[in-house]
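# how would this look folded up:
(chains A and B)
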Amino acid sequence: MSATTSSVFKRILPQLIILAVVLALNVIVFPGFLNIEVHNGRIFGNLIDVLNRGAPVALLCIGMTLVIATRGIDLSVGAVMAIAGATAASLVSDGHHWTTSLLGALLVGSLCGLWNGFLVAVLRIQPIVATLVLMVAGRGIAQLITEGTILTFIDPGLIRLGAGTIIGIPTPILIWIALGAGAILAVRRTALGMLIEAIGINEASSRLAGINSRVLLICVYAMTGLCAALAGVIVAADIKGADANNAGLWLELDAILAVVIGGNSLLGGRFSILASLLGALIIQSVNSLILLSGMPPEFNLIIKSVLILCILVIQSPKVGHLIYMLRASSLHVPPPETPSRRVLTPKEDAQ
Amino acid sequence: MIRSTHLPLLVTLLTFVLAYALCAAQYPAMLSTRVVANLLTDNAFLGIVAVGMTFVILSGGIDLSVGSVIAFTGVFLAVVLRDTSIHPLTAFVLVLALTTAFGAAMGAVIHYLEMPPFIVTLAGMFFARGAAYVLSTDSVPIEHEFYDFLQSLYYKAPGGGRFRLIGAVMLLAFVAGGLVLHRTRLGQNVYALGGGVATARLMGVPLARTTVSIYAISGGLAGLAGIVFSLYTSAGYSLATVGVELDAIAAVVIGGTLLSGGYGFVAGTFFGILIMGLIQTYIVFDGTLSSWWTKIVIGALLFAFILLQKGLTWATTSRKRVRTGSATPS
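Coordinates of the predicted model:
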């Protein structure tokens, strides 16, 4: 038991260090960053804000981690968020109870995921292409539902999902932590996680080993759709309206980024949802850092892209190999273990 | 005999002709030279970018940065022409050099660090958009007599259609793109790379040079598209052309190019662009349809063409399997 705990800790250590550094920078530029206060039975603070504002990306990256672990990708999550938000808003403004509209939105999100899964698993279309269809058409569908307007609503039940609190803690935080914990338990306390990794490493051999990869793939995409729908409802509830054009715009890229920062390979295989969630928090902390440091917001994207590039270079298999070789030649000791993140290059493949 | 690799191109062509015929049957005015000329003018920047995207996709990659690069180019030109006395032509050369170098840098990162093009060009997309923001967050108008001169260049066809300079630039880009792909060593290398990196390497394709060139071409064409877009709108705005990369990818796929690389033609992309333009023109003519139908119809077309390609690959590989009698993995 303690062995698995320490291996999990070792796995998420780089993400924890990056997060700690970014948070420390936050504290430097804004000393009151860690203060947490309670007003009117609700906790406030910049740290809480990071957790709260990071909720959509955190929710998305739970599903995205699983999809990427199967060697896939889901570009449509942003569009699915818009569709789900539009569905919830239109149901609730038609006079339905907020639970009905939430369930309706989740159902629609799962259907979108099933469609993606069908294209990938049954029609065997590359994931990036298959999900591109819904990414392009999805915002059109969302606008069809909202009829081109920003559909606003005043239902307190639905609004509480995005802007309310439960025992003083903002609801989005509780939702993503609960879903994340549930997903981690589901994949690590059962064989599910191993089966998903098996598909990502080699789908043909996983099928030969008796894994029903088709059903599993469809389930993974449906799960991603469900996560996206939940994120979409939260975003819509937060602004008390469904904006088909801007809800979840480019969030699919943030989610993929969170997964990559979490150290998960885009080539599938081993994954860690916990590390991806930390990746989502890192992205949100960087956003908060840029905001708090008083830098002109125009620099946001440049800083973000430079940061991505740095993290990618560190994680690049070639650079990892280089560092490994340097270390090996300077120490003159037999290699303790092969680097786990190394991928066979085509050159070596051919030899 | 029709080769199966030409079939997607033919289907695209037929779709376009059929769609145009249907539109013309409903609205005879669609046949006027005005509509044809506007089809070329309005889609000029998208067409140019799609030529570059065809190169990238043929090689098995993807370039998400082009929309941001167009916006950057527009803002750069507007700011340079406002704040300095540089002649627009010099500014064009400058910005083309910048965007080509930017593309080449992304290509180098993709090749030398062995990172997926998707993520690298995603970072490039953020970077170019961010650079545009830094230059200016406002929409900057461009007022220069040279711009007025370029905009006044058009050929007035009988029927009132005005074939403008930027439409001609797009046609030129398509012709040049086709020549490079089909008549030069670089073009052959692009196809080889799309067929499989390992095979291309064994065949002696210079991988580094080809990859860098492909992304440089894409970046350079995105810069050209940015110049055309600034001529089209007479302004530079950092929030412009968001999501153009998706339209370009969609046009390439509708044009019959395989997204996994290796198969496809620039000519197909041209008709892909025209089909997308036609949908928008039809919606304008109809007047009752809302703009979001464009997205839905393009999504549906995308799906139809992907299915067609899937069917074709499946049909050809299964025939081969029967002929050779061995189950080759596809």
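
# got the contact list for the residue in the stretch 251-351 of chain A that chain B sits nearest to?
The nearest approach of the stretch 251-351 of chain A to chain B comes at A:Leu301, 3.0 Å away (CB to the nearest CB). In short, each C-beta sits where N, CA and C put it, glycine included. Counting by CB atoms under 8 Å, 6 or more residues apart in numbering or on different chains, A:Leu301 makes contact with B:Phe126, B:Phe127, B:Arg129, B:Gly130, B:Tyr133.

# with pLDDT and secondary structure added, can I get these in JSON lines?
Formatted as JSON lines, the contacts of A:Leu301 follow (pLDDT from 0 to 100; DSSP: H, G, I helix; E, B strand; the rest coil):
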{"residue": "B:Phe126", "pLDDT": "87", "secondary structure": "helix"}
{"residue": "B:Phe127", "pLDDT": "91", "secondary structure": "helix"}
{"residue": "B:Arg129", "pLDDT": "90", "secondary structure": "helix"}
{"residue": "B:Gly130", "pLDDT": "89", "secondary structure": "helix"}
{"residue": "B:Tyr133", "pLDDT": "90", "secondary structure": "helix"}
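
# and the strands in chain B?
All strands of chain B, identified by DSSP state E, fall at B:140-141, B:154-156, B:162-164, B:235-236.

# in the longest helix along chain A, what's buried?
In chain A, taking DSSP state H as the definition, the longest helix is helix A:2-29. Using 16 or more other CB atoms under 10 Å in any protein chain shown as the burial criterion, the residues of helix A:2-29 that qualify are A:Arg11, A:Ile12, A:Pro14, A:Gln15, A:Ile18, A:Leu19, A:Val22, A:Leu23, A:Leu25, A:Asn26.

# for the last one, what are its contacts?
Contacts here follow CB under 8 Å, 6+ apart; on that basis A:Asn26 touches A:Phe33, A:Asn46, A:Ser285, A:Ser288, A:Leu289, A:Leu292.

# equivalent analysis for the first one, please.
For A:Arg11, the contact set (CB under 8 Å, 6+ apart) comprises A:Gly263, A:Ser272, A:Leu274, A:Ala275.

# if any of these are buried, put those into a ChimeraX selection.
Buried members of the contacts of A:Arg11, defined by 16+ other CB under 10 Å, are picked up in ChimeraX with:
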select /A:263,272,274,275
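
# among the contacts of A:Arg11, name the ones in helices.
Mapping the contacts of A:Arg11 onto helices (DSSP H) picks out A:Leu274, A:Ala275.

# could you work out the most separated pair of the contacts of A:Arg11?
Maximum pairwise distance among the contacts of A:Arg11 (CB to CB): 10.6 Å, between A:Gly263 and A:Leu274.

# ok, which residues in the stretch 1-150 of chain A are in contact with chain B?
A:73, A:123-126, A:128-130, A:132-141, A:143-144, A:147-148 (CB under 8 Å from any CB of the partner chain).

# give the PyMOL command for selecting the buried subset of those.
In PyMOL, a selection of the buried entries from the residues of the stretch 1-150 of chain A next to chain B looks like this (16+ other CB under 10 Å):
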select buried, chain A and resi 73+125+126+128+129+130+132+133+134+135+136+137+138+139+140+141+143+144
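
# quick one on the thing from earlier: continuing past the longest helix of chain A, what's the next helix or strand?
Later in the chain than helix A:2-29, the nearest helix or strand by DSSP states H and E is strand A:37-39.

# and the next helix or strand past that following strand?
That would be, after strand A:37-39 and using DSSP H and E, strand A:42-44.

# count the neighbours of the residue of the stretch 1-150 of chain B found nearest chain A for me.
In the stretch 1-150 of chain B, the residue that lies nearest chain A is B:Gly130 (3.0 Å; CB to the nearest CB). Neighbour count of B:Gly130, defined by other CB atoms under 10 Å in any protein chain shown: 22.

# now do the one 10 residues further on
The number of residues packed near B:Val140 is 21, by other CB under 10 Å.

# domains for chain A, by residue range?
A:15-315, A:317-351 (automatic domain parsing).

# for the stretch 1-150 of chain B, which spans come out with low pLDDT?
For the stretch 1-150 of chain B, applying pLDDT under 70 flags the ranges B:1-5.

# how about the residues of it by chain A?
Residues of the stretch 1-150 of chain B found near chain A (CB under 8 Å from any CB) are B:62, B:109, B:112-116, B:118-120, B:122-127, B:129-131, B:133-134, B:137.

# can you rerun that using 6 Å?
Residues of the stretch 1-150 of chain B lying close to chain A by CB under 6 Å from any CB of the partner chain are B:113-116, B:122-123, B:126-127, B:129-130, B:133-134, B:137.

# a markdown table for those residues, including distance to A:Arg207?
What follows is the residues of the stretch 1-150 of chain B next to chain A, written out as a markdown table (distance: CB to CB, whole Å):
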| residue | distance to A:Arg207 |
| --- | --- |
| B:Leu113 | 33 |
| B:Glu114 | 28 |
| B:Met115 | 29 |
| B:Pro116 | 25 |
| B:Leu122 | 31 |
| B:Ala123 | 35 |
| B:Phe126 | 38 |
| B:Phe127 | 41 |
| B:Arg129 | 42 |
| B:Gly130 | 44 |
| B:Tyr133 | 48 |
| B:Val134 | 50 |
| B:Thr137 | 52 |
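
# what is the most widely separated pair among the residues you listed?
B:Glu114 and B:Thr137 (36.0 Å).
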